[in-house]
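Colleague: My questions concern the predicted model and sequence given below.
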Amino acid sequence: MKKINLPYGPHSLTWTPPPGAAVKILCCNQSPPVSDLEESVRCSFRQPIGSRPLRECVQPSDRVAVVVSDAARLFPQEKILKLVLEEISHVDSARITIVIANGNHEPSEPSRVGLGADLQTAYRIVNHNSRAADAMRTVGHFPPKESFFFAKQAMKHLSRSARSAPASFIKVLRTALSGDLKTACRQIGYTPLGRALFILGASFRATVRINRAVADADIRILIGQIKPHFLAGFSGGYKAVFPGCAHRTDIAMNHFMMNHPSVGLAVNDGNIIRDHIERAAKLCGKSFAVNVVMNHDRSVAGVFSGDPVRAQREGSALCRKIAAVKTEEADVVISAEGYPEAVNLYQFTKVVPPAGRIVKPRGAIICAGSCGGGIGGMTVVNDITCKIGFRHMLPKGVRLYLVSDLPKNSVRKMEFTYAATINEAISREKKRQKKDTLLIAVLAGAGLMVPDKTGARDAVRGARHTKK
């Protein structure tokens, strides 16, 4: 059987399918790359979507916040940032702040996001920390729609908390007895009771707090990549402001809506999380987006600048064409991805929802990625991302395997089944599914893919939620 190279981390993973396996390899579509990136970016500034040209939007007296993506993104950010700064050169550099939109991630190393020594010397750099409450400003409050949803979620978790209280108490107690009191306190917040109390409090408060460097600016220029996202539909647009530069509690409020039926991969319109993001970010005031869409080979397929909503929607349409793959259901789906998605398990869980769209009920998803940066928060991965985030998106009875560089003992504590190799997981699935031959689909670069067994599910779903 021919060897197959799969993205895995800083290097690829070579996989030889077992003899007689029925394997179908799925890849993204290729869009013609832009012939001249600099010219395409400048043209997008001067002929933007739903906005005046960038240079006209920015006055010499304006305080400007240029928001850039964190280290978990992979596109030519440094080149685009320098073109933005060149376009607004009529503004004194002292009035320009470059903000790294880390969201709830750890602060990024500036050099890893395209901020070299020259930019660090010439401009003020703010490395957003969602936990730094003093660095935030309240820009507004949400209307009753989200508050009502949070109140319902709180009641649901309160009813669950009674059933899970003994197990939750034992888990927290074990952590406390090990001497790790900080983690024990954090675990309390991720129990059903802790979530219920948090959500109930959020339903009465519903504030939006944004980093002052972004909130106090007269205009925000948002640089980012548009790619499929299992919660926000597609990334890009206002996502740079919220959750990119928001307070951690307000980000958690947004993410706790992840099990709402309107939320899904490649669903922008009618998606309560996307709607929440855009209304929160608009509270800051005027913004101008500079978004790119990438091919799987990391070439730039298109540049979309202008109004953060309209530019993001047009970019999403191109991204969908690149990402859309039609195929039949599979007994096993191998979902593989390299950096930056496979940097840790928290980021890597994003490869599960694409695979969930084409795996059969009682099938298996084998996630192959190095996760060299560790787990990224055990309680967050287990209790938030897996249980609330995507479990409801998967067919019944699907088993999740993880092939990574993480220790076996660590994986055993997660919502994944450990497998040393892909073929070990396949062998176990033959016995579990009681089949001599499994139909195996391979998503090579799952982070940029939107597989579909019908090709129409999202279109129908999006239209249904838009009508509401």
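Modeller: Structure received.
Colleague: Quick one: name whatever helix or strand follows the helix or strand hosting I210.
Modeller: Using DSSP states H and E, I210 sits in strand 207-211. Proceeding C-terminally, strand 207-211 gives way to helix 212-215 as the next helix or strand, assigned by DSSP H and E.
Colleague: Now that following helix - C-alpha only, PDB.
Modeller: Coordinates of each C-alpha in helix 212-215 appear next as PDB, following Å, rounded to 0.1, in the frame of the first residue of the first chain:
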ATOM      1  CA  ARG A 212      -8.700  50.200  26.300                       C
ATOM      2  CA  ALA A 213      -6.200  50.400  23.500                       C
ATOM      3  CA  VAL A 214      -8.900  49.200  21.100                       C
ATOM      4  CA  ALA A 215     -12.000  50.700  22.800                       C
END
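Colleague: Please work out which residues outside it touch it.
Modeller: Identification of contacts with helix 212-215 by C-beta atoms under 8 Å, 6 or more residues apart in numbering yields 65, 67, 97, 99, 124, 126, 135-137, 139, 220, 241, 245, 284. (Glycine included, C-beta is placed from N, CA and C.)
Colleague: Measure how buried C43 is and give me the count.
Modeller: Other residues near C43 come to 14 when the count uses other C-beta atoms under 10 Å.
Colleague: what bridges to the closest residue to it other than its chain neighbours?
Modeller: Ranked by C-beta to C-beta, 6 or more residues apart in numbering and with sequence neighbours excluded, the top spatial neighbour of C43 is V303, at 7.8 Å. As for beta bridges, V303 partners with V292 under DSSP bridges.
Colleague: I'd assumed M294 was in contact with V303.
Modeller: No. With contacts counted by C-beta atoms under 8 Å, V303 stays clear of M294, the gap being 10.8 Å.
Colleague: picking up where we left off before, against which helices or strands is the strand holding I210 packed?
Modeller: In this structure, strand 207-211 makes packing contacts with strand 136-141, helix 248-255, judged by 3 or more C-beta pairs under 8 Å, 6 or more residues apart in numbering; DSSP states H and E.
Colleague: Report the angle between the longest one and strand 207-211.
Modeller: So the one you mean is helix 248-255. 120 degrees (axes from the mean of the first three to the mean of the last three C-alpha atoms, to 10 degrees).
Colleague: Contacts for the next helix or strand along the chain from helix 248-255 next, please.
Modeller: As assigned by DSSP H and E, the chain's next helix or strand after helix 248-255 is helix 272-282. Applying C-beta under 8 Å, 6+ apart, the set of residues contacting helix 272-282 from outside is 140, 142, 146, 149, 208, 210, 231-233, 237-243, 246, 250, 254-255, 257-258, 260, 262-263, 267-268, 287, 308-309.
Colleague: hang on, L83 packs against S40?
Modeller: No. Using C-beta under 8 Å, L83 makes no contact with S40, being 9.9 Å away.
Colleague: so who does the spatially closest residue to N29 that is not a sequence neighbour touch?
Modeller: If you skip the residues right next to it in sequence, N29 has I322 as its closest partner in space, 5.1 Å away by C-beta to C-beta, 6+ apart. When the contact criterion is C-beta under 8 Å, 6+ apart, the partners of I322 are 28-31, 293, 295-296, 301, 448.
Colleague: same thing with D436?
Modeller: For D436, the contacting residues are 20, 430, taking C-beta under 8 Å, 6+ apart as the criterion.
Colleague: follow-up on the earlier one: give the contact list for the residue nearest to C43.
Modeller: Applying C-beta under 8 Å, 6+ apart to V303 gives the contacts 34, 37, 40-41, 43-44, 290-292.
Colleague: ranking the residues you listed by neighbours, who comes first?
Modeller: In the contacts of V303, the most neighbours by other C-beta under 10 Å go to N291, 32 neighbours.
Colleague: G315 is in contact with that one, correct?
Modeller: Yes. With contact taken as C-beta under 8 Å, N291 and G315 are classed as touching, separated by 5.0 Å.
Colleague: what sits in contact with each of these two?
Modeller: In terms of C-beta under 8 Å, 6+ apart, N291 and G315 are both contacted by the residues 226, 236, 304.
Colleague: Give me the spatial nearest neighbour of the first one, chain neighbours excluded.
Modeller: Pointing back at I226 there. Setting aside the residues directly before and after it, I226 is nearest to G236 in space (C-beta to C-beta, 6+ apart), at 3.6 Å.
Colleague: Now do that neighbour against L177, distance only.
Modeller: Distance of G236 to L177, computed by C-beta to C-beta, to the nearest Å: 45 Å.
Colleague: Give me the more crowded residue out of the two.
Modeller: Using other C-beta under 10 Å as the criterion, G236 and L177 rank with G236 on top: 30 against 10.
Colleague: From R313, how far out is that one?
Modeller: Counting by C-beta to C-beta, the gap from G236 to R313 is 9 Å.
Colleague: where in the stretch 201-350 of the chain is pLDDT low?
Modeller: Residue ranges of the stretch 201-350 of the chain with pLDDT under 70: 201-205.
Colleague: Can you give me every residue that contacts F288?
Modeller: Shown here is F288, whose contacts under the criterion C-beta under 8 Å, 6+ apart are 48, 51, 54, 57-58, 219-222, 305-308.
Colleague: my guess is it is in a strand, correct?
Modeller: Yes. Assigned with DSSP: H, G, I helix; E, B strand; the rest coil, F288 falls within a strand.
Colleague: re the thing from before, just the helices and strands packed on strand 207-211: most buried one?
Modeller: Comparing those on average neighbours per residue, with mean count of other C-beta atoms under 10 Å, the densest one is helix 248-255 at a mean of 21.
Colleague: rewinding a little: ok, then the element right after the helix or strand harbouring the residue nearest to N29?
Modeller: I322 is part of helix 308-323, with elements assigned from DSSP H and E. Sequence-wise, the next helix or strand beyond helix 308-323 is strand 324-326, with elements assigned using DSSP H and E.
Colleague: Many thanks, have a good one.
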